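Enquirer: what shape does this take:
(2 chains)
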Amino acid sequence: MQNLTVTELSAELSRGAISSVELTRACLDRIGRLNPELNAFITVCEESALAQAAAADRARAEGDERPLLGIPLAHKDIFCTRDTHTTCGSRILQDFLPPYDATVVEKLRQAGTVMLGKTNMDEFAMGSSNESSYFGAVGNPHDPGRVPGGSSGGSAAAVAAGLSPMATGTDTGGSIRQPASFCGITGFKPSYGRVSRWGMIAFASSLDQAGTLTRSAADAALMMQAMAGLDPRDSTSVDRPVEDYAGALGKPVNGLRVGVPRPHFAKGLSPGVERGIHAALAELERAGAILIDIDLPNNHLSVPAYYVVAPAEASANLSRYDGVRYGYRCESPADLEDLYTRTRSEGFGDEVKRRILVGTYALSAGYYDAYYRKAQRIRRLIRQDFIDAFRQVDVIAGPTSPHVAFPHGAKADPVEMYLEDIFTIAVNLAGLPGISVPAGFEEGLPFGLQIIGPDFGEALVLNVAHQFQQLTDWHKRLPETAAQAETGEN
Amino acid sequence: MEWEAVIGLEVHVQLSTRSKLFSGTSTAFGAGPNTQANIYDLAMPGTLPVLNGEALRMAVRFGLAIDAEIGRHSIFDRKNYFYPDLPKGYQTSQLDYPVVGRGSIVINLEDGTEKRIGVTRAHMEEDAGKSLHEAFADETGIDLNRAGTPLLEIVSDPDLRSAKEAVAYLKKLHSIVRYLDISDGDMSQGSMRCDANVSIRRPGADLGTRTEIKNVNSFRFVEKAINFEIRRQQDVLEDGGKIVQETRLYDSVRDETRPMRGKEVANDYRYFPEPDLLPVEIGEDLIKQIRSELPELPDARKRRFAAEYGLSAYDAGVLTASREMADYFEQVAQGCGDAKLAANWVSVELQALLNRENLDIADSPVSAGNLADLILRIRDRTISGKIAKTVFEQLAEGPQGVDEIIEKQGLRQVTDEGEIEKLVDRVIAENAAQAQQFRDGKQQVLGYLVGQAMKLSRGKANPAQVNELLRDKLQS
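Expert: Numbering: from 1, shown residues only, chains lettered A, B, ... in the order given. Reported below is the predicted structural model:
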């Protein structure tokens, strides 16, 4: 039953076929069996999960019919959870117990969900393979020798492997969409400001956005309904009404104008992905969508602009990890300088240090104009390109990632790793909603189609993704590990 | 040849909001260490700032009060440096788009003249916490109660030419923020802190190299620190040396400035716009509303006092230096109907009492109503000016009213012609020699005789009547 979608599970719970406790116990069992190999979870909360499940069952017995009531979920370990370890994939927060809940955590709890635990991630969300985690690499459920993508790799692997029917993630440059593509699931990043960042540990504040990892777009709609909304504690969250996402899922794509930025994915795509994306677009066209070639002239500048802006913000955001108030502190520091130097040298991994150095450099006197200011100018141009494009199309579609999941250790060169996000980064720079939906397989490994919408076009994007999933069944093709586990149970 | 000093001040004023600049924590002074620090103040991962609207309005109030441009699109920036009492590892401040732009302040100099000093800008920022080195052996304590307290940093143009001008500017600033009720301006508690940029040059020459004196915490020390620094720079230059651009600390015990250690001086703060806060849009409506709520400011009040009450510019200046003093004076003046007497009593007797007891006017032991009553009794000749001083002292000591004191102690002035005549006759009889001297033309003896009569009446006789009657009797 763990391979059912949230929508299906909700119906099963509602008609009394299963209880939340049974469902939660099944997830915990599966985590017990599969997590040693996948390493998708950093923390598992067995006791509290069963207690929450029992409470959900009691509420349901009293007539509570909220769609997410009693549904298990996993939180990326970037969201603060009161009195539950929150590591952000880093040694420096290895023993950190937040005294508060993130807004996302609070809202999903209030929606009746059951928290199974906290998922593995690239350290401070910096990475595209989940290999920078202090808590070890994560296996891709389709091939544990390969990466699940990152930085929300643990959440993606957990959902793909049926350890949890849904999970939260965060996306700064593709960290939800790329792992969703690699793991064959649905990953949705809303518009910047749609979901509160309060309690979500900051990587790059102007780009970070919380989102969902699920097995269908319809499930993403259910999660988003609970997560979205203005939060007075986050000054960058937006004050505009939350649409009825589930209610907007019925509109066929007939007449939908789909922008295709062909020049951008013509090069660098693996042959299988290229064929698959064209096939997916053709599928939409057959259903009545109108494909329109568009140009995003500054799109090729998105990776360099991103790798100035994001590290610059990160260099300041990570200054608070100084060994003074919480988190890792080096042994017997000789003086203040030594405390800072050793705490941070020992507490942060290589990729985090690299980005702090890059960001510090980009903001330094004499370099600010050449790097940070210029990158912000490019960012405005990139956003303007999208605004112009959305004058003639409703959504934009293309690949999520240039290829399928690669083996662990295959990308040792940091710059090669940075190019992983070449199709996703511009969406963050422009602050737009984007989703990755499974669109095919290459040599047994899944890849995703990315659908991008205009500002706050969450309902539109979710519906187009849902419609695609009505036309295709890629999202229903489970990885073998999950299927085997299922068989083993029966 | 003469040297000319060129001085600019950077003054940090702590805004008197109830809560911090970006969190809801209380800003009350004197709580136990770290009891006023919430998860944002502690820079817990995942926490975010929310701008305190009251702090913003206070900053705009200040801007309007000094006729400054208000930044319609004001931006917060992160100023990066590591220090244990700076929890986030950056201070949220403002760089290119401060809330208050160019304005000016008129200062009053001791010779009675005025001078207009340019204000370059004023921006909002959060304060740091405190490092406590004394309480722990080999360790440093961190108290984050102050971390995040709103500050307004007010930067002057280098228009000041002496330590005295700098102090006059600081005093005017102090007066303005108190009139506006945006800060208590208490330098001893750190609510107002001053950094001074000092250089010297030959008159008419280009600006010299400046030094910055950090964190001077009283008007007197500002004057002494600047004077020391001017002399030091003169000595260096006259010995053929060069001024090093550096940050110096004033040591009030040794009355000197010394360079800060290199480590205490950060160089590159790597400012960039704070991505956790949106730009602050300050609309015409808000500005209009705040402008309409501005109180009468010291300069305007001074002009009004001179015109309305006929006070000298000097008296008007003294009485309007603080809002509380001006309010007190107006209450006395209106209560007694004689502004000049009121001005005199407030600026001489009351001021002396407050100085002696080291009290603020807000804590004056003599209420404005009582002082007005007292002056009324002088005006209606119930008591003399001299007796009034005795009554004033007693007002300061207890709860009794003016009339109660006069009646209980029998201090009512003797104005009865018959009584005074008896007194005068007795004085002439008892001081026959002096009376004769006066008759012989030694006019100054009269004062002695009046004094004797007053003494005999225990001060209660009306001195003018005594004087007149004595003169009449001796000359007849």
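Enquirer: any low-confidence regions in the chain?
Expert: All of this is about chain A. A:1-2, A:266, A:481-490 (pLDDT under 70).
Enquirer: ah, no, chain B please
Expert: By pLDDT under 70, the low-scoring segments of chain B are B:1, B:261-266.
Enquirer: longest helix of it?
Expert: If you go by DSSP state H, chain B has its longest helix at helix B:219-238.
Enquirer: ok, and what's touching that one?
Expert: B:3, B:5, B:7, B:162-164, B:166-167, B:170-171, B:187, B:194, B:196, B:198-200, B:208, B:211, B:213, B:216, B:242-243, B:248, B:250, B:252, B:255-257 (C-beta atoms under 8 Å, 6 or more residues apart in numbering or on different chains). Placement of C-beta: from N, CA and C, glycine included.
Enquirer: can you give me how far it is from the chain middle?
Expert: Here helix B:219-238 shows a centroid-to-chain-centroid distance of 23 Å under the convention C-alpha atoms, centre = their mean, to the nearest Å.
Enquirer: what pairs with the following helix or strand past that helix, and is each one parallel or antiparallel?
Expert: Going down the chain from helix B:219-238, the next helix or strand is strand B:247-251, by DSSP states H and E. As defined by DSSP bridges, the strand partners of strand B:247-251 come to strand B:211-216 (parallel), strand B:256-259 (antiparallel).
Enquirer: now chain B against chain A: closest residue?
Expert: Chain A sits closest to residue B:89 of chain B, with a gap of 2.4 Å, by C-beta to the nearest C-beta.
Enquirer: now chain A against chain B: closest residue?
Expert: residue A:319 (2.4 Å).
Enquirer: hang on, the earlier thing: assign the closest residue to the residue of chain B closest to chain A other than its chain neighbours to helix, strand or coil.
Expert: Excluding the flanking residues, the one nearest residue B:89 by C-beta to C-beta, 6 or more residues apart in numbering or on different chains is residue A:319, at 2.4 Å. Using DSSP: H, G, I helix; E, B strand; the rest coil, the structure places residue A:319 in helix.
Enquirer: equivalent analysis for residue A:31, please.
Expert: Residue A:31 carries the three-state label helix when classified by three-state DSSP.
Enquirer: after the longest strand anywhere in chain B, next one along is what?
Expert: In chain B, assigned by DSSP state E, the strand with the most residues is strand B:114-126. Downstream of strand B:114-126, the next assigned helix or strand under DSSP H and E is strand B:130-132.
Enquirer: what pairs with that following strand, parallel or antiparallel?
Expert: Partners of strand B:130-132 in the sheet, by DSSP bridges, are strand B:141-143 (antiparallel).
Enquirer: residues making contact with the strand it pairs with?
Expert: Residues outside strand B:141-143 that contact it (C-beta under 8 Å, 6+ apart): A:324, A:325, B:33, B:34, B:84, B:85, B:129, B:130, B:131, B:132, B:133, B:135.
Enquirer: kindly report the same for stretch A:364-381.
Expert: A:298, A:301-302, A:304-306, A:308-309, A:312, A:361-363, A:429-430, B:267-268, B:270, B:272.
Enquirer: what residues are up against residue A:435?
Expert: A:177, A:186, A:187, A:188, A:189, A:217, A:220, A:450, A:451, A:461, A:462, A:465.
Enquirer: near chain A, which residues of chain B show up?
Expert: With C-beta under 8 Å from any C-beta of the partner chain as the criterion, chain B meets chain A at residues B:39, B:42-51, B:78, B:80, B:82, B:84, B:87-90, B:140, B:142, B:267-268, B:270-272, B:275-278.
Enquirer: list the residues that contact the residue of chain A closest to chain B.
Expert: Contact analysis of residue A:319 by C-beta under 8 Å, 6+ apart lists B:80, B:82, B:88, B:89, B:90.
Enquirer: which of the contacts of strand B:141-143 sits closest to residue B:435?
Expert: residue B:130 (74.1 Å; C-beta to C-beta).
Enquirer: okay, and the beta partners of that closest one?
Expert: Beta-bridge pairing of residue B:130 under DSSP bridges involves residue B:143.
Enquirer: would you work out how far apart the start and end of stretch A:63-78 are?
Expert: Stretch A:63-78 has its terminal residues 34 Å apart, counting by C-alpha to C-alpha, to the nearest Å.
Enquirer: quick one: buried residues of it?
Expert: Using 16 or more other C-beta atoms under 10 Å in any protein chain shown as the test for burial, stretch A:63-78 gives A:66-78.
Enquirer: do stretch A:180-195 as well
Expert: The neighbour-count check on stretch A:180-195 (16+ other C-beta under 10 Å) flags A:180-195 as buried.
Enquirer: give me the subset of those that lies in strands.
Expert: Applying DSSP E to the buried residues of stretch A:180-195, the entries found in strands are A:186, A:187, A:188, A:189.
Enquirer: all helices of the stretch 301-450 of chain A, in order?
Expert: Along the stretch 301-450 of chain A, the segments classed as helices by DSSP state H, counting those that start in this stretch run A:302-317, A:336-347, A:350-363, A:374-389, A:414-418, A:425-430.
Enquirer: just the buried subset of the contacts of helix B:219-238, please.
Expert: Buried members of the contacts of helix B:219-238, scored by 16+ other C-beta under 10 Å, are B:3, B:5, B:7, B:162-163, B:166-167, B:170-171, B:187, B:194, B:196, B:198-200, B:208, B:211, B:213, B:216, B:243, B:248, B:250, B:256-257.
Enquirer: leaving out sequence neighbours, find the closest residue to residue A:233.
Expert: Closest residue to residue A:233 apart from its sequence neighbours, by C-beta to C-beta, 6+ apart: residue A:198 at 4.2 Å.
Enquirer: correct me if wrong: the one you found contacts residue B:46.
Expert: Yes. Look at residue A:198 against residue B:46 with C-beta atoms under 8 Å: they come within range, at 6.8 Å.
Enquirer: identify the contacts common to those two.
Expert: residue A:102.
Enquirer: quick one: which of these two has more around it?
Expert: residue A:198 (25 against 22; other C-beta atoms under 10 Å in any protein chain shown).
Enquirer: wait, what's in contact with that one?
Expert: Contact partners of residue A:198, counting by C-beta under 8 Å, 6+ apart, are A:102, A:103, A:231, A:233, A:234, B:46, B:47, B:48.
Enquirer: which of those residues fall in helices?
Expert: residue A:103.
Enquirer: between the contacts of residue A:198, which sits nearest residue A:140?
Expert: Taking C-beta to C-beta as the measure, residue A:140 lies nearest residue A:102 of those, at 26.9 Å.
Enquirer: tell me the contacts of the closest one?
Expert: The contact partners of residue A:102, by C-beta under 8 Å, 6+ apart, come to A:79, A:80, A:81, A:196, A:198, A:199, A:200, B:46.
Enquirer: the nearest residue to the second one once chain neighbours are set aside: what's it in contact with?
Expert: Setting aside the residues directly before and after it, residue A:80 is nearest to residue A:98 in space (C-beta to C-beta, 6+ apart), at 3.7 Å. With contacts defined as C-beta under 8 Å, 6+ apart, the neighbours of residue A:98 are A:80, A:81, A:82, A:83, A:84, A:86, A:199, B:44, B:45, B:46.
Enquirer: show me the contacts for the second one.
Expert: Listed by C-beta under 8 Å, 6+ apart, the contact set of residue A:81 reads A:75, A:98, A:101, A:102, A:105, A:115, A:118.
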